[in-house]
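**Student:** coords below, sequence missing:
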C-alpha cells in the first residue's frame, strides 16, 4: 500500500465526543440489530454480531442497550426494518469517498446525504464510481507507546497481517477480513489494546492535501459522520502534518 489513512488516527477522538452525547449509541444499536437479524442473536455463532458487540463495548455502550438492540434484530422486540447500503461520491479536491449507511428509508437518506455533499463542495455519485479505488481490509490502529515497532511487526506477521505503517503516533496494521479475528486475538494475548479495530474500506492510493483543502474535507467528513444513518465514512486523503497534529490535540 502507498500509505495509510490519517483520518483513522483522529476519528476515535470524535467518537469519544459523540459517545458523551449518546449519538454513537444510536449507530451502535443499528449495527447490532442488523448483525443479529442477519446471523442470529448468538455471538459465538455470528462473527458479525461478535464484532458489533465488541465495538459497542469499546464505546462504553450500556449492556442493556446492547441486549435490547440484539432482541430487535432477532424479532423478540419490535423495531424498524433497517437496510445496509453504500453511497459513493467525491469530496473537495477530487477526494474519493465511501459512506456506509444503515437506514429505514433509503430515499430520505439519499436525499439528505446528497445535500451534505453539496453543502461542503462535494457530489454524490453513482454506485461503483469510486469503490474500485478501495479494498475491504481489517484495520487496527495502535498507539506507538503501547509496543515497540519491531516487537509488533514480528507479532502481527505471524498472526497473518499484510502490512504495517507508522502514521504519526500510531501504527496502522491491515489484514485480510478473514484474518481479522485471529489478529485481534493475538493482540489481546499480548495485552495490546488497539485505539480502533474494524473492517474498513482502505484506499489503494491517497491524495495529499494542503491545509485549506484538508479543512474542507474534514468538515465534510464530520458532517457526514454526524448523520444518524451513517455508520462510517472512508476517503482517500491525507492531511498536512500541521493540521493533523492540531486535530489530534
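**Tutor:** Perfect, thanks for sending it. Computed from a predicted model, the values in this text were never measured in an experiment. Numbers count the residues shown, from 1 in each chain.
**Student:** tell me which stretches of this protein form strands.
**Tutor:** 83-90, 96-103, 123-124, 134-143, 163-167, 170-175, 196-203, 207-208, 230-235, 237-238 (DSSP state E).
**Student:** just checking, what packs against the second one?
**Tutor:** The one in question is strand 96-103. helix 23-39, strand 83-90, helix 106-119, strand 196-203, helix 211-225, strand 230-235 (3 or more Cβ pairs under 8 Å, 6 or more residues apart in numbering; DSSP states H and E). C-beta here means a position set from N, CA and C on the backbone, and glycine is covered the same way.
**Student:** which of the ones you listed sits closest to residue 130?
**Tutor:** strand 83-90 (4.7 Å; Cβ to Cβ).
**Student:** and the angle for that closest one with helix 106-119?
**Tutor:** Angle between the axes of strand 83-90 and helix 106-119 is 20 degrees (criterion: axes from the mean of the first three to the mean of the last three Cα atoms, to 10 degrees).
**Student:** buried residues in strand 83-90?
**Tutor:** Residues 87, 88, 89, 90 are the ones in strand 83-90 that count as buried (16 or more other Cβ atoms under 10 Å).
**Student:** which residues does the last one bridge with?
**Tutor:** Think residue 90. For residue 90, the beta-bridge partners are residue 96, residue 123 (DSSP bridges).
**Student:** returning to that earlier point: could you say which of the strands of the chain is packed most deeply?
**Tutor:** With neighbours taken as mean count of other Cβ atoms under 10 Å, the strands of the chain reach their highest mean count in strand 170-175, at a mean of 24.
**Student:** chain center to that strand, what's the gap?
**Tutor:** Here strand 170-175 shows a centroid-to-chain-centroid distance of 14 Å under the convention Cα atoms, centre = their mean, to the nearest Å.
**Student:** neighbouring strands - and their directions - for it?
**Tutor:** Sheet partners assigned to strand 170-175 using DSSP bridges are listed as strand 134-143 (antiparallel), strand 163-167 (antiparallel).
**Student:** now tell me what touches that strand from outside.
**Tutor:** Strand 170-175 is contacted from outside by 1, 4-5, 8-9, 137-144, 147, 149, 152, 156, 159-166, 183, 195, 202, using Cβ atoms under 8 Å, 6 or more residues apart in numbering.
**Student:** circling back to that earlier point, kindly reformat the strands of the chain as a markdown table containing mean pLDDT.
**Tutor:** As requested, the strands of the chain are exported to a markdown table (pLDDT from 0 to 100):
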| stretch | mean pLDDT |
| --- | --- |
| strand 83-90 | 94 |
| strand 96-103 | 94 |
| strand 123-124 | 94 |
| strand 134-143 | 91 |
| strand 163-167 | 86 |
| strand 170-175 | 90 |
| strand 196-203 | 87 |
| strand 207-208 | 90 |
| strand 230-235 | 91 |
| strand 237-238 | 88 |
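**Student:** can I get those in a markdown table with distance to residue 29?
**Tutor:** Below are those laid out as a markdown table (distance: least, Cβ to Cβ, whole Å):
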| stretch | distance to residue 29 |
| --- | --- |
| strand 83-90 | 15 |
| strand 96-103 | 10 |
| strand 123-124 | 26 |
| strand 134-143 | 23 |
| strand 163-167 | 31 |
| strand 170-175 | 27 |
| strand 196-203 | 17 |
| strand 207-208 | 34 |
| strand 230-235 | 11 |
| strand 237-238 | 30 |
